[in-house]
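Undergrad: sequence plus the predicted model coming up.
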Amino acid sequence: MVAVPILVGAYATSTGDFVQSLPVNKDPVVIGTGLSNGYLRPAQGIRQIGLGPGGDRGAINWNDTCYRVMGTQLCTVDAGGAVTSLGNVGAGGPVAMDYSFDRLAINSGTDLYYLFGGVLSKVTDPNLGPVIDMIWISGYFATTDGVSIVVTELNDPTAVDPLKYGSAEDDPDAIVGLAKVRNELYALNRYTIQAFNNVGGNGFPFAVNPGGQIQKGCVGTRAKAYFADTFAFVGSGRNEALGVYVASGGNALKISNSEVDDLLASLTIAEAAAIECESRVDLDEQRLLVHLPSCTLVYFVSASKAAGDNIWCKWAAGIEANEAYRGRHAVQVYGLWMVGDTVGRLGVLDSSISTRFGDVVGSRVDTKLIFDGAKRGIITTLELVGSPGYAPDGVDPVVFVSTTQDGRTWSVERTIKTGKVGQRNKRVQIRLGRRFDLWAGVRLRTADSGMMSVAVLNADIEGLG
């Protein structure tokens, strides 16, 4: 028997290159089980609990209450999914939300709104200008219009003094967003990132920190997220391809791998600028989510540290896993992880199911290539070792198995049953009888709500002369 690696697979492109194949809707966990050093488990499901007035655009936990912008409405959502609209914040894409000691701020479209004393109002000071991003830092609400950094007055957050504008002047590239880490303000430009410290004074209260400048920039306003005690972002330096980076001590550490970079390279300029990032820290893992038009790329901090490599997977919707992942803006509140989606549904993350908002999603895993010393061979038997017998009542889950000899074309699928609920001693194996001349790859696919985790794929190889 040969143990075939499954955490990251490989396939061949039309140009003959070998590239990594990320698991789709399977989360990698790097831990010694006695069976292997890691396994794949079904990605978290989403249990629907309610319906909002429109697509979800952003959310925050403020004073132990979930606030969300859905459609044009600022809403509160209780633990049962009941929605209460608080007022209109206008249309637009994803919003920025932050809070001070006494008010919640919402950047919707190019406007800034406050919820203060239960009353929603728009900031109308003409010196504010258009707002494309916003944070709260050191008593100020800081915004940017893409050119300047604007701060509100300490004693009146609705007022702006035009003599207190700041700018990121070390490079002429436009500001695309703002971030805050350890009370330092970061201006994320397209090709550079500039750090500022709060120094007070009568003018712009932040001064440039020369040692904090990062020679990479962010591709879009929402293409960044607070992550792992710093921030992560999608971007590049000047005349460089896009990647995913984590800011660290004036440097940017690249965490994206070849398939992630290839997916980023396939985006149009508009699609890249619309990338949205978010982080989720839950149980044994910190995840960075990079939402693309066709899928969501997920980076795993703990798994990457344990493996000594950058571990990613893809989340997607649909039986064929070929649609965009719909869970957005997860907020830890009421002891739950509450999410919205692009069509207005509300749900909570649930590791006991694999469905999302009641919909079955498919999964796909490609293995590393099987190579028997350049000899011909036959894959006589395959066995999936893990946790069979976990499935909803009435579901008889199966895995579809196919093979490839060139990394591009795949054989007719065969099926293996992974066990109805309670069949936890089932041997999940198949007599495959697939011949290969040089090397072979295996693909495992699901299209039901089964919940089997896979620790080992064992292959029995019969060598041929």
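TA: Good, I have the coordinates.

Undergrad: which ones are touching Leu163?
TA: Contacts for Leu163 (Cβ atoms under 8 Å, 6 or more residues apart in numbering) come out as Gly203. C-beta here means a position set from N, CA and C on the backbone, and glycine is covered the same way.

Undergrad: just the pLDDT for it.
TA: Leu163 carries a pLDDT value of 90.

Undergrad: my read is it is in a strand, agree?
TA: No. The assignment for Leu163, made by DSSP: H, G, I helix; E, B strand; the rest coil, is helix rather than a strand.

Undergrad: so which helix or strand takes in the residue nearest the centre of the chain?
TA: For the chain, Leu289 is the residue whose C-alpha lies nearest the centre (Cα atoms, centre = their mean; 1.0 Å). Per DSSP states H and E, Leu289 falls inside strand 285-291.

Undergrad: pull out the buried positions in that strand.
TA: Within strand 285-291, the residues scored as buried using 16 or more other Cβ atoms under 10 Å are Gln286, Arg287, Leu288, Leu289, Val290, His291.

Undergrad: hmm, which of those residues is lowest in pLDDT?
TA: Among those, Gln286 carries the weakest pLDDT, at 92.

Undergrad: now do the contacts for the closest residue to it other than its chain neighbours.
TA: Closest residue in space to Gln286, ignoring its immediate chain neighbours: Val301 at 3.9 Å, by Cβ to Cβ, 6 or more residues apart in numbering. Residues in contact with Val301 (Cβ under 8 Å, 6+ apart) are Ala228, Glu285, Gln286, Arg287, Leu288.

Undergrad: isn't the first one up against Ser248?
TA: Which is Ala228. No. The pair Ala228 / Ser248 is not scored as a contact, 9.3 Å apart, by Cβ atoms under 8 Å.

Undergrad: between these two, which has more neighbouring residues?
TA: Using other Cβ atoms under 10 Å, the more surrounded residue of Ala228 and Ser248 is Ala228, with 17 against 13.

Undergrad: that one: what's it in contact with?
TA: Each residue near Ala228 by Cβ under 8 Å, 6+ apart is listed here: Val246, Ser279, Gln286, Leu288, Val301.

Undergrad: quick one, phi/psi of it?
TA: Main-chain dihedrals, Ala228, degrees, to the nearest 10: phi 50, psi 50.

Undergrad: and it, what's its pLDDT?
TA: 91.

Undergrad: the chain should start at 2 in everything you say after this.
TA: Sure, I'll start counting at 2 from here, so that last one is Ala229.

Undergrad: okay, Gly81 and Leu347: tell me how far apart.
TA: As defined by Cβ to Cβ, to the nearest Å, Gly81 lies at a distance of 10 Å from Leu347.

Undergrad: any idea which helix or strand in the chain has the lowest mean pLDDT?
TA: Lowest mean confidence among the helices and strands of the chain (mean pLDDT, DSSP states H and E): strand 10-13, at a mean of 80.

Undergrad: residues that sit against both of Gly81 and Leu347, list them.
TA: Common contact partners of Gly81 and Leu347 (Cβ under 8 Å, 6+ apart): Ile50, Gly51.

Undergrad: these two: which is more packed in?
TA: Neighbour count, other Cβ under 10 Å: between Gly81 and Leu347, Leu347 has more, with 26 against 9.

Undergrad: secondary structure element holding the more buried one?
TA: Under the criterion of DSSP H and E, Leu347 resides in strand 346-351.
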